[in-house]
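Colleague: Got a sequence here, can you model it:
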Amino acid sequence: MSITVPNPADRTPRVPVRDKLAINRLRHRPSLDEAAVDRFLAEHQVPVIEGPHCTFLYRDQAGDTDEVHVRHRIVGQPQRVPMRRIEGTSLWYVGIELPEGSRVEYQLEVRRGEAVEQINDPLNPNVAHSPVGSSSVCQAHGYVTPEWTRHDPDAREGELIDFTIPSKALRRQVTCAAYLPARYRHTARYPVLIVHDGHDYLNFASMKTVLDNLIHRLDLAETVVVFSDPGDRLREYANSAAHARHLATELLPHLEAELPLIGTPPGRALMGSSFGAVASLTTAYRYPETFGSLLLQSGSFVFTDIGTDHGGGPAFDPVVKFMNRYRARPRRVADRIFMSCGIYEPLITPNRSMVPVFEQAGMTVRYVEARDGHSWEDWRDRLRDGLSWVYPGPQKFVYE
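Modeller: Okay, here's the model as predicted:
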């Protein structure tokens, strides 16, 4: 056997990865003008994704911008990243490396003199919406919007029925919407899922479309889903006895009187994200043996081990008080808990820490993470994992 040693002189010099990036090829052009910038922007989607490298761009055609920053909410990373102007052009840029499959919401902070404006990226058409506004979205290499979140013309559509229920516990009318699956019939019996922040899940997490698709594909049992809306959300969802009483003694009995529901814990589930997850957990805690499953997304499970400074402000005080008490004396509140959380959000640590606490209390827990933040599209992308585990397809779901 012979071994041939390559001649170093024959080797093609290796080009550093960063020099291969599109933005650096543009910067190193011998002649660079606005026409070249025009062509570059026409040829590339913004942000420019090249493996783990994500290049954010901003164009200052008026020529009056003094500073530009990318603002994101990735915990543990600088959340205000300065951009640089390419000399002699209107184009600003910065590169951020993101792991495979990341999805990050961001905005641009633009300073002109003393005026500072925070805006969505005008070069990026990909925008996510929420009750508090909208943000631009960077979909890093490997992230794919789940196809089951999009309308499927082959999936039969369920029906949404709006209704209100008077609540003595909450001293107000509670607005809700009931989702009835496409093949709903009065002679069948259905599991029920009660969803906190109901219309936000419908409006910002495409939940009706998801339900239609998952039921059509037999990933999810035919389920009645009730979307309930809060009044004063931070008060009602933060370990409120009145809210728990409303769900367990007003809404649930009303639903079981009006609809052909299973009517036992295995066929009852509560769901919520952020403070809605706290409301789901604390309701099940106050009414054990009522709900069989909980779906908790990015739960605001803030607690303190030492001292009293939790950093969440007064709205979190009742949450911290409950979580500290529960962690000290955990108990079984349901049969099963599905949990999800974004790696890039500050709540990742308390959510991870609650998994063994729930398991030690005798509950079966399924926990999933994603390279995403505290966002409605993250919660949307985890719906199949949670729904199909709690109420799996019709051949697998056990009613009793």
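Colleague: Residues in a beta bridge with E67, which ones?
Modeller: R111 (DSSP bridges).
Colleague: ok, it touching R80?
Modeller: No - counting by C-beta atoms under 8 Å, E67 does not reach R80; the two are 10.4 Å apart. Where you see a C-beta, it was placed from the backbone N, CA and C, and this is true even at glycine.
Colleague: Overlap of the contact sets of these two?
Modeller: Common neighbours of E67 and R80, counting by C-beta atoms under 8 Å, 6 or more residues apart in numbering, are E109.
Colleague: Neighbour count for these two, which is higher?
Modeller: E67 (13 against 9; other C-beta atoms under 10 Å).
Colleague: Run through the residues that contact the more buried one.
Modeller: Contacts of E67 by C-beta under 8 Å, 6+ apart are 82, 109-111.
Colleague: And H44, by the same measure?
Modeller: Under the criterion of C-beta under 8 Å, 6+ apart, the neighbours of H44 are A22.
Colleague: Shouldn't Q118 be within a strand?
Modeller: Yes - the assignment for Q118 (DSSP: H, G, I helix; E, B strand; the rest coil) places it in a strand.
Colleague: buried subset of the contacts of E67?
Modeller: 109-110 (16 or more other C-beta atoms under 10 Å).
Colleague: biggest separation within the contacts of E67, which pair?
Modeller: Pairwise distances across the contacts of E67 peak at 11.9 Å for P82 and V110 (criterion: C-beta to C-beta).
Colleague: Common neighbours of those two, please.
Modeller: If you check P82 and V110 against C-beta under 8 Å, 6+ apart, the residues they both contact are 67-68.
Colleague: so where's this protein uncertain?
Modeller: 1-19, 306-311, 395-400 (pLDDT under 70).
Colleague: Map the structural domains onto the sequence of it.
Modeller: As given by automatic domain parsing, the domain ranges for the chain are 18-139, 147-390.
Colleague: end-to-end on the last one?
Modeller: What that stands for is domain 147-390. Criterion C-alpha to C-alpha, to the nearest Å; first-to-last residue distance in domain 147-390 is 21 Å.
Colleague: gap between it and the chain center?
Modeller: 13 Å (C-alpha atoms, centre = their mean, to the nearest Å).
Colleague: coming back round to it: buried deepest among the domains of the chain, which one?
Modeller: domain 147-390 (a mean of 19; mean count of other C-beta atoms under 10 Å).
Colleague: on that earlier part again, of the contacts of E67, closest to D385?
Modeller: Within the contacts of E67, proximity to D385 (C-beta to C-beta) peaks at E109, which comes in at 34.3 Å.
Colleague: got the phi/psi numbers for the residue lying closest to R29 once chain neighbours are set aside?
Modeller: Among residues not flanking R29 along the chain, A36 sits closest, at 6.3 Å (C-beta to C-beta, 6 or more residues apart in numbering). Dihedral angles of A36 (phi, psi; degrees, to the nearest 10) stand at phi -70, psi -40.
Colleague: my guess is A36 meets L26, correct?
Modeller: Yes - between A36 and L26 a contact is recorded at 7.0 Å, counting by C-beta under 8 Å.
Colleague: Please list all residues in contact with P265.
Modeller: 289-292, 334-335.
Colleague: what's the farthest-apart pair in these?
Modeller: Largest separation among these by C-beta to C-beta: T290 and D335, giving 11.3 Å.
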